[in-house]
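Visitor: Please work out how this folds:
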Amino acid sequence: MTKKVKKTLNESDLQLINYNPSLLHLFASFLKLGLTSFGGPAMVAYIRKMAVEQKNWLDDGSFRQGVAICQTIPGATAMQTAAYVGLRLREIRGAAASFIGFGLPAFCLMITLSALYVRTHNLPIVASVFNGLQAIIVAIVANATVSFAKSYLKDWKNLTTSLIAAIMFWWRINPISVILLAGLLGLVLKSKQSHKMPTSPITKKFYSNRNLLLIVSGAMFLFYLFFLVNPRLFKLAALMIRIDLFAFGGGFASIPFMFHEIVEVRSWLDSSTFLNGIALGQVTPGPIVITATFIGYLLHGPLGGLVATTSVFLPSFLILVAVVPYFDRLRGSRYFSEVMSGILSSFVGLLLSVTIRFASNVPWDLPRIILGVAAFVALILRVDILWIVLIGTIVSILVL
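Guide: Alright, predicted model coming up:
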């Protein structure tokens with residue numbers, strides 16, 4: 001590390017030089033963690049335990065600032081947090097090593113499960129499993145709606161924005177238009193009290209823009225090749241990029257967009273198959289947005305799975321890398337806070353409408369009702385989602 005670079009590091013960064021891991025070590029550490037990364041955003045606590053307590057890579061203050069960044073920008077929170085740790089330790093290459101390592105197990109397992117699904121989904125026992133899991137998926141999305149509501153609906157203004165978003169989405173208005181309107185409502189219905197968040201000293205920039213520009217340029221070139229060689233893959237990539245760019249609030253925020261665009265607008269999959277993809281996303285490690293791999297595989301095989309996965313994660317990764325040096329300045333803006341308040345409120349409405357749509361596509365009978373209600377209660381009681389899905393699978397085989 002040169003003297004010039006050292007001068008741009010703050011004191012906490014200098015303390016971490018002795019703990020600076022290699023890129024291979026970063027990749028291997030997050031690969032191991034990614035193998036058991038069930039629970040989506042809950043994995044942030046395990047990333048903290050590894051990075052702060054076990055390996056002393058970051059101090060607690062730096063880690064908390066990273067979590068705040070990842071919760072504010074689009075993308076799956078746990079994936080973004082993994083990238084943030086790598087970014088602070090080994091710049092952009094470290095961010096890529098951590099990000100890929102953490103997400104690779106979920107991708108590989110989802111590709112495998114998607115291939116098995118294509119070959120076995122018509123078998124009676126497999127059909128029974130997915131019939132039961134669909135009721136559990138309704139419970140999972142309903143629980144996410146409740147969790148979002150508790151976090152973001154603080155007053156009547158947030159509630160108003162949420163209800164308007166739910167109505168608009170129910171009328172099949174484009175979700176991106178709903179999000180933009182919600183941000184505007186956040187400004188119009190602004191609170192009399194300042195939403196300005198406290199900030200720590202602005203994170204200094206400790207890496208060059210050159211690597212970021214190289215990644216962006218390379219990605220744009222690949223997408224251009226898709227456009228020339230395989231327009232269908234290009235359309236899939238463009239859609240996943242758009243979904244990721246508006247997925248504020250974590251991976252669950254992408255579900256309304258995916259459902260609207262894939263099922264309702266383009267009819268690439270039917271609602272039942274989409275629900276099955278979400279079910280597979282819950283039995284794999286990683287964020288629920290890994291469902292994109294399933295969608296891509298069913299549409300265009302393994303290459304489609306790779307393209308969809310890359311496209312649904314890359315934009316938010318690039319945003320993280322670009323925003324980190326300036327986040328405190330952005331976070332301290334009153335206008336930014338009000339826009340984000342409106343956007344996050346709208347996701348409650350979007351998730352509510354998706355819960356209702358998912359529920360309407362499930363062939364409810366007494367066993368499914370009991371299974372769905374039991375799953376919802378278990379989620380409220382904070383039972384690990386992996387156990388809920390596994391037990392639901394066994395019950396579905398035995399009863400349905």
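Visitor: In this structure, where is pLDDT below threshold?
Guide: 1-19, 36-42, 190-209, 249, 328-332, 400 (pLDDT under 70).
Visitor: and the longest helix for it?
Guide: helix 77-120 (DSSP state H).
Visitor: which parts of the helix or strand harbouring residue 301 are buried?
Guide: In the assignment (DSSP states H and E), residue 301 maps to helix 291-323. Under the neighbour-count criterion of 16 or more other C-beta atoms under 10 Å, helix 291-323 has 291-300, 304-321, 323 buried. C-beta here means a position set from N, CA and C on the backbone, and glycine is covered the same way.
Visitor: can you give me the angle it makes with helix 77-120?
Guide: Comparing the axes of helix 291-323 and helix 77-120 via axes from the mean of the first three to the mean of the last three C-alpha atoms, to 10 degrees yields an angle of 160 degrees.
Visitor: what does the host helix or strand of residue 277 rub up against?
Guide: In this assignment (DSSP H and E), residue 277 forms part of helix 271-283. For helix 271-283, the surrounding residues in contact (C-beta atoms under 8 Å, 6 or more residues apart in numbering) are 110, 113-114, 117, 121, 130, 133-134, 136-137, 140, 255, 258-259, 262-263, 269, 288-291, 294-295, 298, 357-358, 361-362, 385-386, 389-390, 393.
Visitor: got it, and stretch 92-103?
Guide: 23-24, 26-31, 33-34, 37, 78-79, 82-88, 90, 207, 211-212, 215, 286, 290, 309, 313, 317, 320-321.
Visitor: What of stretch 144-160?
Guide: The contact list for stretch 144-160 (C-beta under 8 Å, 6+ apart) reads 162, 185, 189-191, 249, 252, 341-342, 344-345, 347-348, 351-352, 355, 380.
Visitor: What does residue 123 show for phi and psi?
Guide: Dihedral pair for residue 123: phi -70, psi 140, per degrees, to the nearest 10.
Visitor: Roughly how far does residue 334 sit from residue 341?
Guide: Using C-beta to C-beta, to the nearest Å, residue 334 is found at 11 Å from residue 341.
Visitor: I'd like to know how many residues surround residue 96.
Guide: For residue 96, the count of nearby residues is 21 (other C-beta atoms under 10 Å).
Visitor: do the same with the one 4 residues further on
Guide: The local packing of residue 100 (other C-beta under 10 Å) involves 21 other residues.
Visitor: Hmm, residue 60 is touching residue 52, no?
Guide: Yes: under the criterion of C-beta atoms under 8 Å, residue 60 makes contact with residue 52 at 5.5 Å.
Visitor: if you count what's nearby, which of these two comes out ahead?
Guide: Each of residue 60 and residue 52 has its neighbours counted (other C-beta under 10 Å); residue 52 has more, 18 against 11.
Visitor: List the contacts of that one.
Guide: Residue 52 makes contact with 58-60, 63, according to C-beta under 8 Å, 6+ apart.
Visitor: likewise residue 306?
Guide: Contacts for residue 306 (C-beta under 8 Å, 6+ apart) come out as residue 296.
Visitor: Between the contacts of residue 52, which sits nearest residue 106?
Guide: Using C-beta to C-beta, residue 63 is the member of those that lies nearest residue 106, at 22.3 Å.
Visitor: The closest one and residue 51 touch, don't they?
Guide: Yes: with contacts counted by C-beta under 8 Å, residue 63 reaches residue 51, the gap being 6.3 Å.
Visitor: Between the two, which contacts overlap?
Guide: Residues touching both residue 63 and residue 51 by C-beta under 8 Å, 6+ apart: residue 85.
Visitor: Between those two, which is the more surrounded one?
Guide: residue 51 (29 against 21).
Visitor: dump the residue contacts of the more buried one.
Guide: Taking C-beta under 8 Å, 6+ apart, we find residue 51 in contact with 57-58, 63, 85.
Visitor: Buried ones from these, can you make that a ChimeraX selection?
Guide: A single ChimeraX command suffices to select whichever of those are buried according to 16+ other C-beta under 10 Å:
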select :57,58,63,85
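Visitor: which two in the contacts of residue 51 are spaced the farthest apart?
Guide: Maximum distance among those (C-beta to C-beta): 8.9 Å, for 57 and 63.
Visitor: what do the two both touch?
Guide: Counting by C-beta under 8 Å, 6+ apart, the contacts common to residue 57 and residue 63 are 51, 85.
Visitor: coming back round to it: so which of the contacts of residue 51 sit within helices?
Guide: Using DSSP H, the subset of the contacts of residue 51 located in helices is 63, 85.
Visitor: would you turn the contacts of residue 51 into a markdown table with distance to residue 144?
Guide: Below are those laid out as a markdown table (distance: C-beta to C-beta, whole Å):
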| residue | distance to residue 144 |
| --- | --- |
| 57 | 30 |
| 58 | 28 |
| 63 | 24 |
| 85 | 25 |
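Visitor: any idea of the angle the helix holding residue 301 forms with helix 271-283?
Guide: For helix 291-323 against helix 271-283, the angle by the same axes, to 10 degrees is 60 degrees.
Visitor: Can you flag the buried ones in the contacts of helix 271-283?
Guide: Using 16+ other C-beta under 10 Å as the burial test, these include 110, 113-114, 117, 130, 133-134, 136-137, 140, 255, 258-259, 262-263, 269, 288-291, 294-295, 298, 357-358, 362, 385, 389, 393 as buried.
Visitor: can you tell me which of the contacts of residue 51 lies nearest to residue 167?
Guide: The shortest gap between residue 167 and any of the contacts of residue 51 belongs to residue 63, at 39.1 Å (C-beta to C-beta).
Visitor: From the structure, what's the count of residues near residue 220?
Guide: Counted with other C-beta under 10 Å, residues neighbouring residue 220 total 10.
Visitor: Packing partners of the helix or strand harbouring it?
Guide: For residue 220, the element it lies in under DSSP H and E is helix 209-229. In terms of contacts (3 or more C-beta pairs under 8 Å, 6 or more residues apart in numbering; DSSP states H and E), helix 209-229 is packed against helix 77-120, helix 231-245, helix 291-323.
Visitor: The ones you listed: which one's closest to residue 175?
Guide: Per C-beta to C-beta, nearest to residue 175 of the helices and strands packed on helix 209-229: helix 231-245, 9.0 Å.
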